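*Asks:* all I have is the shape, not the residue letters:
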């Protein structure tokens, strides 16, 4: 194994997305090919947090996450820059972070390539209301439209319309107010903050976020943005304005619905968003060796 990896902990959530009950044994067999000290943890009774913390407490050189985006984000928060390197494999439904790091490949191919050719990388990320995101954060009513976007991606426009209309009716009272890097205040229905590795508009080594201000006038325009995110680039939509920023303030009259790396969250009525250049370390193959070069673009579409 590369990168001086001597011990590996792998957390496999068999109830998550595409993992399945056979995954732990498949992971053990694959890890055994590379030698070293390895352990595979499967949560008992749904205690995924306890399994994750126990794996980190054993201080491995590498923590492999075979679960959803929420678990990968939690691992990044817990490990930080001083804990184990992480390898967030595609084991969930959206797999936003794994796609951004490894491209569009299955977890076994990603793990094998990582153990054979992996190099340490430092990842930057965003922080909102004290919570980390490594791919994208959606704030405002746009966070409620995620089910409609998924139906659109699956080719079910009628279901997408009804889901969007339901989400629009549920949207929290009042629009968002925001200020990017201390500039003049603006209003919007939703704002998406994307990290460089998930953004088409930024280079991976850029040290700021892409902020996309979404201001549809109603459910029809919201669906149009959702359609653009599936078949094109939503930045071309007239109801979207994309800007670069390092810090932002976002506030509303009540708590703000959000999606952080694919996971729903409820934020306070006033939050600060900021970019941090170093939040965790990942092990991944060199970029030219990653399978599926469009992974980050697909992730961006899913996130926005």
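*Replies:* Happy to help now that I have it. None of these values were measured; they are calculated from a predicted model. Numbers count the residues shown, from 1 in each chain.
*Asks:* separation between the residue positioned nearest the centre of the chain and residue 140?
*Replies:* In the chain, the residue lying closest to the centroid (Cα atoms, centre = their mean) is residue 261, at 2.9 Å. From residue 261 over to residue 140 the distance is 17 Å, taken as Cβ to Cβ, to the nearest Å. All C-beta atoms are positioned from the backbone trio N, CA, C, and that covers glycine.
*Asks:* just checking, what packs against whichever strand or helix holds residue 63?
*Replies:* Following DSSP states H and E, one finds residue 63 within strand 62-67. With contacts defined as 3 or more Cβ pairs under 8 Å, 6 or more residues apart in numbering; DSSP states H and E, strand 62-67 has these neighbours: strand 7-12, helix 23-32, helix 48-57, helix 69-79, strand 85-90.
*Asks:* can you tell me the strand partners of it and which way each runs?
*Replies:* If you go by DSSP bridges, strand 62-67 pairs up with strand 7-12 (parallel), strand 85-90 (parallel).
*Asks:* now do the first one against helix 23-32, angle only.
*Replies:* Counting by axes from the mean of the first three to the mean of the last three Cα atoms, to 10 degrees, strand 7-12 lies at 160 degrees to helix 23-32.
*Asks:* which parts of strand 7-12 are buried?
*Replies:* Within strand 7-12, the residues that count as buried by 16 or more other Cβ atoms under 10 Å are 8, 9, 10, 11, 12.
*Asks:* that one vs helix 48-57, what angle?
*Replies:* 170 degrees.
*Asks:* measure the residue lying farthest from the centre of the chain to residue 200 for me?
*Replies:* Distance from the C-alpha centroid of the chain, by Cα atoms, centre = their mean, peaks at residue 35 (30.8 Å). According to Cβ to Cβ, residue 35 stands 40 Å off from residue 200.
*Asks:* now do residue 69
*Replies:* Here residue 69 is placed at a distance of 20 Å from residue 200 (Cβ to Cβ).
*Asks:* how about residue 267?
*Replies:* 26 Å.
*Asks:* mind giving me the packing neighbours of the helix or strand hosting residue 258?
*Replies:* Per DSSP H and E, residue 258 falls inside strand 256-260. With contacts taken as 3+ Cβ pairs under 8 Å, 6+ apart, strand 256-260 sits against strand 131-133, strand 136-140, strand 263-267.
*Asks:* between helix 69-79 and it, find me the angle.
*Replies:* Between the axes of strand 256-260 and helix 69-79, defined by the same axes, to 10 degrees, the angle is 80 degrees.
*Asks:* could you single out the nearest of the buried residues of strand 7-12 to residue 272?
*Replies:* Taking Cβ to Cβ as the measure, residue 272 lies nearest residue 11 of the buried residues of strand 7-12, at 30.6 Å.
*Asks:* could you measure from that closest one over to residue 47?
*Replies:* 11 Å.
*Asks:* same question, residue 180
*Replies:* Computed with Cβ to Cβ, the distance linking residue 180 and residue 47 is 40 Å.
*Asks:* centre of the chain to the strand holding residue 258, how far?
*Replies:* 13 Å (Cα atoms, centre = their mean, to the nearest Å).
*Asks:* adjacent strands (with direction) for that strand?
*Replies:* Strand 256-260 has the following strand partners under DSSP bridges: strand 136-140 (antiparallel), strand 263-267 (antiparallel).
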